[in-house]
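Student: I'd like to go over a predicted model; first the sequence, then the structure.
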Amino acid sequence: MGTTASPPLHMVAVKAAVWYGATRLWGQAVSWGVTILLARLLMPADYGLFAIALSVLAVLELLQEFGLGTAIVQRQDLTRSQIDSVFWIVAATSLLFTAATFLAAGPLSEFYGEARLTWALRILCITFFLNSLGMVPYNLLTKAIDLRHRSLAEALGTAASAVVALGLAWQGYGVWSLVLGHLARSLMLNTAVAFFAGWCPGLAFSFQGMRRVITFGLRVAGTHLVGTFTPATTTFILARLLGAPAVGLFAMAQSLAEGPHRISTAIISQLSLPVFSKLQEDTALLSSYYLKISKYLALVSMPIQVGLVLVAPDLVPLLLSKTWEAMVIPFQVFCFESMLVTLTLTSSPLLVARGRPEVLLRGSIISLVGLTLAAALGSTFGLVGVAVARLIVMVPLRSIILFPGLREIGMGSRVFLLNSIPSVVSAAVMAGGVLLVQHSLAVSFGHWERVLLAVVAGAVSYLPTVLLLDPRLRREVTAVSRELFTSSRPRISEL
């Protein structure tokens with residue numbers, strides 16, 4: 001390792017968060033821009049068909065790696081030969097899934113009553129093989145908290161997808177622009193992570209000690225599998241009861257509402273898991289990191305979600321055209337759901353890092369049942385009914401994950417709630433400021449003017465309030481900023 005000391009873990013985490021957060025924001029901005037342009041070129045039925053195809057593939061994508069990617073990050077004692085064994089297990093499984101999906105595409109399209117689904121699935125299933133090639137390098141970069149190169153690879157994948165999807169949509173290829181854009185992203189992303197990690201699989205297999213690794217991985221995979229069944233089941237219910245256009249409206253509303261939530265999820269899962277895993281034996285320090293990450297996550301995501309709720313009536317017709325106005329209310333409800341999920345998000349990587357994936361598995365099973373019933377009952381009242389039913393059941397479902405996580409580190413719920421007060425109160429004050437502007441000054445303005453005034457009012461209301469409620473925030477940000485550009489990035493071998 002030489003004589004140069006490695007930077008402290010908190011600065012490694014901060015640098016990784018800055019890189020990853022910045023590129024995810026850029027990627028989300030590009031994704032939103034591309035989504036808006038595609039929405040003007042494509043029909044809701046195209047999005048519905050693509051959503052159905054992805055819901056089928058999402059289940060199999062989780063099975064192909066058996067949760068071993070997460071095991072690479074969580075386990076601190078894996079040998080090179082064990083990692084090579086993981087690669088070949090995943091690669092062989094992925095080839096089998098690719099072949100099986102290709103053969104099953106026809107019957108699946110008949111089941112959903114969508115003839116175009118056959119070749120969409122056959123093209124998309126190529127991503128199984130591509131993802132297997134990048135799985136180990138991707139998780140090695142994550143374990144080393146080298147999110148700089150991870151972020152660059154993901155940015156390249158996003159750019160490739162945008163170019164392909166927009167080009168084909170402009171030429172009138174409909175749903176195929178979405179299918180081939182998704183394939184282009186997978187190809188670019190996995191090629192880039194393999195290059196940046198500088199890792200190639202070896203042929204010296206070793207299954208010594210792999211039983212514990214596989215057991216842990218299977219529990220993680222089971223959690224992800226059950227969790228993936230939830231949106232897949234919802235898509236199936238909507239497709240059968242309300243039709244492909246309704247699936248398209250639902251998918252678009254959920255996609256736009258969960259944009260900030262996806263950024264938060266990505267940062268939490270890809271930063272918190274390796275950090276928590278390194279601290280899994282130090283409960284006091286782990287608790288400190290848990291509270292800080294949870295606080296900053298809420299401070300960033302809460303005002304965005306509240307803002308989207310308030311500007312939705314102007315934002316949706318302005319960006320997507322009047323064709324999508326039916327998704328305004330579902331979009332607003334999904335924003336409230338995302339706020340609830342964000343506040344409890346940090347508990348999931350905490351439980352995985354502490355070696356408790358069985359808690360998440362149990363919670364995922366309960367969530368599958370609850371959200372499936374919500375979709376079935378809510379569909380009687382259309383898309384709005386489904387969105388409202390999901391929000392109602394989400395409160396007890398998220399507590400199933402939150403409270404075991406707090407018990408794992410010996411933290412009371414009062415401490416956790418006090419940690420969230422600045423973001424919640426500041427967001428409420430912001431909402432008051434925006435509503436005041438919307439119902440007084442912005443009455444005679446158009447969509448663009450009302451959205452702009454709402455953004456300005458929200459920023460003016462939120463920032464002073466959060467600094468007043470959390471005086472330490474300014475000092476923490478200043479201290480981090482001073483160190484941010486002076487600490488060196490650790491090498492993979494040092495972590």
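Tutor: Now that the structure is in, tell me what you want to look at. Numbering: from 1, shown residues only.
Student: all helices for the stretch 51-200 of the chain, in order.
Tutor: 68-74, 80-112, 117-124, 126-143, 147-170, 175-197 (DSSP state H, counting those that start in this stretch).
Student: want to try CSV for these, with mean neighbour count and distance to Arg450 as columns?
Tutor: The way it works is simple: take the backbone N, C-alpha and C, and place the C-beta from them, glycine included. Listed next are the helices of the stretch 51-200 of the chain as CSV, based on neighbours: other C-beta atoms under 10 Å; distance: least, C-beta to C-beta, whole Å:
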stretch, mean neighbour count, distance to Arg450
helix 68-74, 26, 44
helix 80-112, 17, 40
helix 117-124, 20, 39
helix 126-143, 22, 41
helix 147-170, 20, 28
helix 175-197, 21, 31
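Student: Ok, which of these comes nearest Val429?
Tutor: helix 147-170 (32.7 Å; C-beta to C-beta).
Student: how big is the angle separating that closest one from helix 175-197?
Tutor: Relative orientation of helix 147-170 versus helix 175-197 (axes from the mean of the first three to the mean of the last three C-alpha atoms, to 10 degrees): 160 degrees.
Student: Of all the helices of the stretch 51-200 of the chain, which one comes closest to Gly405?
Tutor: helix 68-74 (15.3 Å).
Student: just checking, what packs against the closest one?
Tutor: helix 80-112, helix 126-143, helix 210-241, helix 273-278, helix 347-353 (3 or more C-beta pairs under 8 Å, 6 or more residues apart in numbering; DSSP states H and E).
Student: Below-threshold pLDDT in the stretch 201-350 of the chain: ranges please.
Tutor: 205-209, 260-270 (pLDDT under 70).
Student: wait, the stretch 351-495 of the chain
Tutor: 441-444, 447, 476-477, 479-495.
Student: now for the helices of the stretch 51-200 of the chain, which one comes closest to Asp282?
Tutor: Here helix 68-74 is closest among the helices of the stretch 51-200 of the chain (C-beta to C-beta), at 15.3 Å.
Student: Residues in contact with that closest one: which ones?
Tutor: 78, 83, 86, 89-90, 135-136, 138-140, 142-143, 213-214, 216-217, 220, 273-274, 277, 352-353, 355 (C-beta atoms under 8 Å, 6 or more residues apart in numbering).
Student: Now that we have the helices and strands packed on helix 68-74, can you turn them into JSON lines and tack on distance to Pro330?
Tutor: Compiled in JSON lines, those are given as follows (distance: least, C-beta to C-beta, whole Å):
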{"stretch": "helix 80-112", "distance to Pro330": "22"}
{"stretch": "helix 126-143", "distance to Pro330": "28"}
{"stretch": "helix 210-241", "distance to Pro330": "11"}
{"stretch": "helix 273-278", "distance to Pro330": "31"}
{"stretch": "helix 347-353", "distance to Pro330": "25"}
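Student: For Ser55, which of those is the nearest?
Tutor: Of all these, helix 210-241 comes closest under C-beta to C-beta, at 4.1 Å.
Student: Check which residues of the closest one are buried.
Tutor: 210, 213-214, 216-239 (16 or more other C-beta atoms under 10 Å).
Student: Remind me what it packs against, helices and strands.
Tutor: helix 44-63, helix 68-74, helix 80-112, helix 244-257, helix 357-378, helix 382-408.
Student: 10 Å instead, please
Tutor: helix 44-63, helix 68-74, helix 80-112, helix 244-257, helix 347-353, helix 357-378, helix 382-408 (3 or more C-beta pairs under 10 Å, 6 or more residues apart in numbering; DSSP states H and E).
Student: one step back: of all the helices and strands packed on helix 68-74, which lies closest to Pro471?
Tutor: The nearest among the helices and strands packed on helix 68-74, by C-beta to C-beta, is helix 273-278 at 25.6 Å.
Student: now that closest one: how far from the chain's centre is it?
Tutor: 18 Å (C-alpha atoms, centre = their mean, to the nearest Å).
Student: Just the C-alphas of that helix, formatted as CSV.
Tutor: The C-alpha trace of helix 273-278 is given here as CSV (Å, rounded to 0.1, in the frame of the first residue of the first chain):
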residue,chain,number,x,y,z
LEU,A,273,-24.1,-0.7,1.2
PRO,A,274,-20.2,-0.7,0.7
VAL,A,275,-19.8,2.0,3.5
PHE,A,276,-22.1,0.1,5.9
SER,A,277,-20.4,-3.2,5.0
LYS,A,278,-17.0,-1.8,6.0
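Student: downstream neighbour of that helix in the secondary structure list?
Tutor: Past helix 273-278, further along toward the C-terminus, the next helix or strand under DSSP states H and E is helix 283-320.
Student: what angle separates that next one from helix 244-257?
Tutor: 130 degrees.
Student: Off-centre distance for helix 283-320?
Tutor: 13 Å.
Student: ok, and for it, which residues are buried?
Tutor: Quick answer for helix 283-320 (16+ other C-beta under 10 Å): 286-287, 289-291, 293-316, 318-320.
Student: Tell me what angle that helix forms with helix 382-408.
Tutor: 170 degrees.
Student: Could you list every helix and strand that the next helix-or-strand element following helix 283-320 packs against?
Tutor: Moving toward the C-terminus from helix 283-320, the first helix or strand encountered (DSSP H and E) is helix 328-343. Contact partners of helix 328-343 among helices and strands, from 3+ C-beta pairs under 10 Å, 6+ apart: helix 244-257, helix 259-267, helix 283-320, helix 382-408, helix 413-438.
Student: Same list (those helices) but as CSV, adding distance to Leu183.
Tutor: Converted to CSV, the helices and strands packed on helix 328-343 look like this (distance: least, C-beta to C-beta, whole Å):
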stretch, distance to Leu183
helix 244-257, 19
helix 259-267, 20
helix 283-320, 25
helix 382-408, 29
helix 413-438, 39
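Student: looking at these, which is closest to Leu166?
Tutor: Nearest of the helices and strands packed on helix 328-343 (C-beta to C-beta): helix 283-320, 15.7 Å.
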